[in-house]
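Trainee: any chance you can model this:
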Amino acid sequence: MNKHQESTGPSDGQQITLRGPAELADALPYLMGFHPDDSVVMVALHGGRGRFGGRLRLGIPRAPGEWGPVAEQLAESLISGSERRGGRPDAILIFVCQDSPDGESGPATMERLRPFAQSLRTACGALDVPVLEALCISDGRYWSYCCPNTRCCPPDGKPLAMPGTTVMAAAATYAGIHVRGTLREMEARLAPRQKPDEAFAQLQALDRAAASLVPRILDESAKAQAAEETLTLAHALMGRLGRSGSAPEAVSDLGDDRLITEDEAAAVILGLQDRETRDKAAAWMEGPDGHRALRLWRTLARRCVGPYGEHAAAPLTLAGWVSWSTGDEPSARVALSMALRADPEYTFAQLLHRACNEGLDPETLRRCLRGDATGSDATAPDAEEAGAGAVRGPALHVRGVRPAANRSRRRGSDRRTTNAQGSTPAPATARTGPRGAMPGRRPSDVRRYGRRGTGTRR
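Mentor: As a prediction, the model looks like this:
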């Protein structure tokens, strides 16, 4: 078994030394804030004692042909991001996490993912950063891809420690660090409704809202009133949610869904597709308003059913922003990742995801939104401009990659083109109802609303 030490600080005044694969595997959920199932996680290490630095998570690509190109992008993203934050990593840890479908073939899963782990190790080595340890975690057991000694790292793996029984668990509890369950469970709170009758009723409401609201947003003389109505309704719904009291998460989500009708949800979802309306809603980001707004944005994300899935980018981004603003970075990353999954070109989500991953302080954007909400600064930039101003360098968003015939051309071939501010140039478009264009308008015209030549795909 590889002997090494990794240090991390659950609090400013406490450091925990982790020795060996067992303690590293146990520490992973505390590093991420959740159990990253079906994920690859890479963690930068700094200094002789291996201080934890930046970390990067991505869902494991299903197609083995994508593993090589994705590994190269992940390695370059983690290393370049660490350099921008102040130091090139001295080493990297790799975790490949995926349960087997039947729950009984962990060793087979480990062997199936071995080429992916090897691609990650090779990609890091090509950039002159060694991989200190690469672990596979599956079905409650772990394996080391770096240790060839079967006496300490047997083919059947070793069991993970019982939850709450390790020194890392004790230190995390003392520091107030909580593991929020699995990634799958966190995403389920934001996923669209699955019951066919509920989804159909919401779909009809979205169609009605698109037919009535979109013409008003496209009309310069009527869009200001439409925005005011959207924000007034959203604030009223926040008040309704706030009066319902607190409950466990699963119970709270179900109760929130029952408190908001299909037509109310549809009206706010369509209204948030206007960029300026969304930016004003982002001012509900802290205190009691932030808590109530977060519940509303989660509820609206669950209502973006069927062909309206792209519309979820706005409420998901707002949910990610409130989570980040209130200090819940794990939830913020999950929400922002889902927003980019709904619409990969959604600029506000790109900027927030990048800033959150790089550990930037959200106070810069909070100050901008506070000034805009109070009208105290007539020249205050909008949310995207403020976000872009806080982020420098190329984006770290990793996209799906097709296998390349020529491996030498893989590096960088699937990355997004960015401008000088690090944001992705996006067309001046916004989403409306997906079931056809307005009479007398081309579909491209219907999808283009928002002032200053911008739309909500930003």
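Trainee: which strand or helix spans the residue nearest to Tyr346 when sequence neighbours are not counted?
Mentor: Once flanking residues are discounted, Tyr346 sits nearest to Ala313: 4.3 Å by Cβ to Cβ, 6 or more residues apart in numbering. Glycine gets a C-beta too; all of them are placed from N, C-alpha and C. Assigned by DSSP states H and E, Ala313 falls within helix 313-325.
Trainee: what mean pLDDT does that helix have?
Mentor: Averaged over helix 313-325, pLDDT sits at 96.
Trainee: that one - contacts with which helices or strands?
Mentor: helix 275-281, helix 287-302, helix 329-342, helix 347-357, helix 363-374 (3 or more Cβ pairs under 8 Å, 6 or more residues apart in numbering; DSSP states H and E).
Trainee: these: lowest mean pLDDT?
Mentor: In terms of mean pLDDT, the lowest-scoring of the helices and strands packed on helix 313-325 is helix 363-374 (a mean of 76).
Trainee: return the set of buried residues in that helix.
Mentor: Buried residues in helix 363-374, counted by 16 or more other Cβ atoms under 10 Å: Leu365, Arg366, Cys368, Leu369, Arg370, Gly371, Asp372.
Trainee: test my guess that Ile94 contacts Glu133.
Mentor: Yes - judged on Cβ atoms under 8 Å, Ile94 makes contact with Glu133 at a distance of 7.2 Å.
Trainee: picking that back up, so which of the helices and strands packed on helix 313-325 gets nearest Leu24?
Mentor: Closest of the helices and strands packed on helix 313-325 to Leu24 is helix 329-342, at 18.7 Å (criterion: Cβ to Cβ).
Trainee: contacts for that closest one next, please.
Mentor: 32-34, 57, 180, 183, 186-187, 190-191, 301, 304, 309-313, 316-317, 319-321, 323-324, 346, 349-350, 352-353, 356-357, 397 (Cβ atoms under 8 Å, 6 or more residues apart in numbering).
Trainee: show me where pLDDT drops low in this protein?
Mentor: For the chain, the stretches with pLDDT under 70 are 1-19, 102-104, 162-178, 247-250, 372-458.
Trainee: most remote residue from it's center?
Mentor: For the chain, the largest distance from the centre (Cα atoms, centre = their mean) belongs to Arg151, which lies 39.3 Å off.
Trainee: now do that residue against Lys158, distance only.
Mentor: 12 Å (Cβ to Cβ, to the nearest Å).
Trainee: can you give me the strands for this structure?
Mentor: Listed in chain order, the strands of the chain (DSSP state E) span residues 5-11, 14-19, 39-46, 51-59, 91-97, 131-138, 141-144, 158-159.
Trainee: for the top helix by length along the chain, buried residues please.
Mentor: In the chain, taking DSSP state H as the definition, the longest helix is helix 196-218. With burial defined by 16+ other Cβ under 10 Å, the residues of helix 196-218 counted as buried are 198, 201-203, 205-210, 213-218.
Trainee: before we move on, the earlier item: backbone torsions only: list them for the residue farthest from the centre of the chain.
Mentor: phi -70, psi -40 (degrees, to the nearest 10).
Trainee: got it, and Arg62?
Mentor: Dihedral angles (degrees, to the nearest 10) for Arg62: phi -70, psi -40.
Trainee: okay, the helix holding Ala313 in CSV with CA atoms only?
Mentor: Only the C-alpha atoms of helix 313-325 are listed here, as CSV (Å, rounded to 0.1, in the frame of the first residue of the first chain):
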residue,chain,number,x,y,z
ALA,A,313,-31.4,27.0,-16.8
ALA,A,314,-32.8,30.2,-15.3
PRO,A,315,-34.3,28.8,-12.0
LEU,A,316,-31.4,26.4,-11.7
THR,A,317,-28.8,29.2,-12.1
LEU,A,318,-30.7,31.3,-9.5
ALA,A,319,-30.8,28.3,-7.2
GLY,A,320,-27.0,27.9,-7.6
TRP,A,321,-26.4,31.6,-7.1
VAL,A,322,-28.4,31.7,-3.8
SER,A,323,-26.7,28.5,-2.6
TRP,A,324,-23.3,30.0,-3.3
SER,A,325,-24.2,33.4,-1.8
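Trainee: residue numbering should commence at 47 henceforth.
Mentor: Shifting the count to begin at 47 puts that one at helix 359-371.
Trainee: how far off centre is it?
Mentor: 9 Å (Cα atoms, centre = their mean, to the nearest Å).
Trainee: now stretch 345-355: buried residues?
Mentor: Thr345, Leu346, Ala347, Arg348, Arg349, Cys350, Val351, Tyr354.
Trainee: you'd agree the last one is up against Gln250?
Mentor: Just to be clear, that refers to Tyr354. No - the criterion here is Cβ under 8 Å, and Tyr354 misses it with Gln250 at 11.2 Å.
Trainee: so how many other residues sit close to Thr228?
Mentor: 18 (other Cβ atoms under 10 Å).
Trainee: hang on, it packs against Asp84?
Mentor: No - with contact defined as Cβ under 8 Å, Thr228 does not count as touching Asp84 (9.0 Å).
Trainee: any idea how far Leu277 lies from Leu173?
Mentor: Taken as Cβ to Cβ, the span from Leu277 to Leu173 is 47 Å.
Trainee: those two: which is more packed in?
Mentor: Between Leu277 and Leu173, counted using other Cβ under 10 Å, the more crowded position is Leu277 (18 against 15).
Trainee: could you measure from the more buried one over to Arg324?
Mentor: 10 Å.
Trainee: let's have the strands of the chain in TSV, adding mean neighbour count.
Mentor: Output for the strands of the chain, formatted as TSV (neighbours: other Cβ atoms under 10 Å):
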stretch	mean neighbour count
strand 51-57	17
strand 60-65	15
strand 85-92	23
strand 97-105	19
strand 137-143	24
strand 177-184	24
strand 187-190	23
strand 204-205	14
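Trainee: present these as TSV; the columns should include distance to Glu122.
Mentor: Putting those into TSV (distance: least, Cβ to Cβ, whole Å) gives the following:
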stretch	distance to Glu122
strand 51-57	23
strand 60-65	26
strand 85-92	11
strand 97-105	11
strand 137-143	12
strand 177-184	14
strand 187-190	25
strand 204-205	32
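Trainee: picking up where we left off before, got the angle between the helix holding Ala359 and helix 393-403?
Mentor: 20 degrees (axes from the mean of the first three to the mean of the last three Cα atoms, to 10 degrees).
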